[in-house]
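In: model this:
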Amino acid sequence: MSSRPTNDTSYQTLGEWAADRADMRIVCACGRTINFPAERILERFKGDGDIAAKMIRLRCRGCGRRGHASVSAIPALRR
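Out: Below is the predicted model of the structure:
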């Protein structure tokens, strides 16, 4: 896995991500994985902004490293 943050989606901003109602999966280089529900993305990252700029600031609670996460979308099932 790359040591740099990656955005494995077509979203450029957190606002686009939240508007599409897709959950977010964050995977650290150490293997720790967390999932964020779409409705909490803007709350967790304190508003809209560039995804890459927000991801670089994340610190893993497992290994303590910063800036080693990749993010991907988990599409929400539409009813």
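
In: quick one: Ala53 is in a strand?
Out: No. Applying DSSP: H, G, I helix; E, B strand; the rest coil, one finds Ala53 to be helix, outside a strand.

In: State the number of residues packed around Lys54.
Out: Residue neighbour count, defined by other CB atoms under 10 Å, stands at 20 for Lys54. For glycine as for every other residue, the C-beta is placed from the backbone atoms N, C-alpha and C.

In: name the element the nearest residue to Thr33 once chain neighbours are set aside belongs to?
Out: Using CB to CB, 6 or more residues apart in numbering and skipping the chain neighbours, the partner closest in space to Thr33 is Val27 (4.9 Å). In this assignment (DSSP states H and E), Val27 forms part of strand 23-28.

In: what packs against that strand?
Out: Helices and strands touching strand 23-28, as assessed by 3 or more CB pairs under 8 Å, 6 or more residues apart in numbering; DSSP states H and E, comprise strand 33-36, strand 69-74.

In: counting contacts, what elements does the shortest one pack onto?
Out: Here strand 33-36 is seen to pack against strand 23-28 when contacts are counted using 3+ CB pairs under 8 Å, 6+ apart.

In: The longest one now?
Out: Under the contact definition 3+ CB pairs under 8 Å, 6+ apart, strand 69-74 sits against strand 6-7, strand 23-28, helix 51-55.

In: Out of the ones you listed, which gets nearest to Ile41?
Out: For the helices and strands packed on strand 69-74, the distance to Ile41 is smallest for strand 23-28, at 5.7 Å, taking CB to CB.

In: any idea how far the closest one is from the chain center?
Out: When C-alpha coordinates are averaged (CA atoms, centre = their mean, to the nearest Å), strand 23-28 and its chain have centres 5 Å apart.

In: For the residue sitting nearest the centre point of the chain, name its beta-bridge partners.
Out: The centroid of the chain falls nearest to Val71 when counting by CA atoms, centre = their mean (4.3 Å). Under DSSP bridges, the beta-bridge partners of Val71 are Asn7, Ile26.

In: Got the confidence number for it?
Out: pLDDT, the model's per-residue confidence, is 90 for Val71.

In: Lovely, talk soon.
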